[in-house]
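Novice: I'd like to go over a predicted model; first the sequence, then the structure.
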Amino acid sequence: MSATRSPVTTQIDFEQDGKQRGYLRVPHSRNSSAWGAILIPITVIKNGSGPTVLFVGGTHGGEYEGLVSLLKLSRELPAEAVQGRLIIIPALNLPAVMAGQRLSPIDGKDMNRVFPGAWNGTTTQIIAHYVHEVILPRCDAVIDLHSGGFSLSLIPYMSMHYLDDEAQTKATFAAMQAFEAPVSLVVKEISGEGLLDYAVERMGKLFLCAELGSAGTLSPQVATIAEVGVRNLLKHFNLIEGDITTRESLGLPPSRLMEVPEPQNYHIVMANGIYESFCALGDWIEAGQPLGQLHFVDNISLEPQPIIAQRSGTLLCTRGPGHAEIGDCVAVVARELEVGT
Ligand SMILES: [Zn+2]
C-alpha cells in the first residue's frame, strides 16, 4: 500500500526548517462542488535536529480541550523556540469537528477505528491512511488528545497501554507522568481494533492518549490542564527549553497513578433506559455496591435495574447523558497503581 497512491496532497514540506501552517487537501467531490476538497489544518515547526513529535486533536468531534490547546500552540510557538520537529494536527477528523459530532458526517466512520486506513476507501479511511503512511513514519512519539465527548463524563487523565517491551514501557510511562494530568492511567482498552494507538505502538513508537473534558464541554480548568500538559510534553521531549510545570506548583493536588486492567472495570448496561448514577466522579467504590440504576420509562411494570460494581476502586468515568442504550458503558472504576509494579 503505497503513500504515493494517496489522493491527499499538501503544500507542507515536512523536511523544511521553519514554521509552516497549511492544510492536508483531501479531495471531496459532492453535489455542490465537483472538484471540492476538505482542508485539514496542519502546522509543522522544525528547527535543527531532534525528535519528531506529532500532536493530534479532533480525532472525534465534540472533544475540545486538546483541539483548542493545539490551535493556540500552533499560533504561538515560534520556530526559534523549537529544537527538533513538531507536527500539529488540531482537528484530524475535520468534518466531524465541524459537525460537532463524534463520527464523520460524510461516511459515518469513527477516525479512531479505521487505522491503518485505505488510500481508496471512504474519506475517513483516506485521512487515516495518509497519517499512517506519510506522517507516522516520520515520528518518534504521537500524542492523541481526546475528551469525553457527548457520551462520557470523566476525571481528566493521560493514559498509556500495558506494553510488552520494557524500554517502550519505561519511556511511555515517563512521558505520561510529565503531562501532569489529574490522573495518569495505565489502561486495557475495550474498543477493539483500528485505533491510532495500536498503529503507532506497532511501529515501536511512543504513544499517549489523553481523555480530558466531559460531556462535550470546554471548561477553563480542563483547558488549562491541556495547555500545561502539551507544553510539559514539549519540555519532556526536549523540543523546547524549560522545567516541567507540576500540579503542585499550580497549587493543585499531585497526579494520581491509576490503572484499568480488566474488562470488568468497565460497566455496561444490558437494556435501553435512563441511567441514574448514585456516585460522583472520584468517589470510592466497593465491589458489589450499586453504581446507579437503569429506569424503564416506557414500561412502568418494570423495576429499575441496578448496575453493580464489579471491582473496587475510584469512579473514573460515568455516562454523560441520562439516556443509555444496551451495550453502553455507564461507569469505569479504576484502581490505584503501585509505583514500581
Ligand atoms: Zn475521542
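Specialist: Nice, thanks for sending it over.

Novice: just list whatever residues bridge to the closest residue to the ion within the stretch 151-300 of the chain.
Specialist: Closest contact between the stretch 151-300 of the chain and the ion, by CB to the ion, is at residue 211 (7.4 Å). C-betas here are computed from N, CA, C, even on glycine. Beta bridges link residue 211 to residue 146, residue 157, judged by DSSP bridges.

Novice: next, count neighbours for it.
Specialist: For residue 211, the neighbour count with other CB atoms under 10 Å is 28.

Novice: how close does it sit to residue 149?
Specialist: 9 Å (CB to CB, to the nearest Å).

Novice: who's in contact with residue 276?
Specialist: Counting by CB atoms under 8 Å, 6 or more residues apart in numbering, residue 276 touches 292, 293, 294, 295, 304, 322.

Novice: okay, and for this protein, where does confidence drop off?
Specialist: 1-4, 340-341 (pLDDT under 70).

Novice: from one end of stretch 53-73 to the other, what's the distance?
Specialist: End-to-end span of stretch 53-73 (CA to CA, to the nearest Å): 13 Å.

Novice: is it in proximity to the ion?
Specialist: Yes. Using CB under 5 Å from the ion, stretch 53-73 comes into contact with the ion via 60, 63.

Novice: now do that stretch: distance to the chain's middle.
Specialist: In terms of CA atoms, centre = their mean, to the nearest Å, the centre of stretch 53-73 is found 9 Å from the chain centre.

Novice: any idea which of the contacts of residue 276 is closest to residue 110?
Specialist: Proximity of the contacts of residue 276 to residue 110 (CB to CB) peaks at residue 322, which lies at 23.1 Å.

Novice: how many neighbouring residues does the closest residue to the closest one other than its chain neighbours have?
Specialist: Of all residues not flanking residue 322 in the chain, residue 274 sits nearest, at 4.8 Å (CB to CB, 6 or more residues apart in numbering). Residues within reach of residue 274, counting by other CB under 10 Å, total 15.

Novice: quick one on the thing from earlier: in strands, which of the contacts of residue 276 fall?
Specialist: The members of those that map onto strands under DSSP state E are 292, 293, 294, 295.

Novice: save those as JSON lines, and put in distance to residue 219 and neighbour count too.
Specialist: Output for those, formatted as JSON lines (distance: CB to CB, whole Å; neighbours: other CB atoms under 10 Å):
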{"residue": "292", "distance to residue 219": "23", "neighbour count": "23"}
{"residue": "293", "distance to residue 219": "28", "neighbour count": "18"}
{"residue": "294", "distance to residue 219": "28", "neighbour count": "22"}
{"residue": "295", "distance to residue 219": "28", "neighbour count": "18"}
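
Novice: for those, give me TSV that also has distance to residue 11.
Specialist: Listed next are the ones in strands among the contacts of residue 276 as TSV, based on distance: CB to CB, whole Å:
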residue	distance to residue 11
292	51
293	55
294	52
295	54
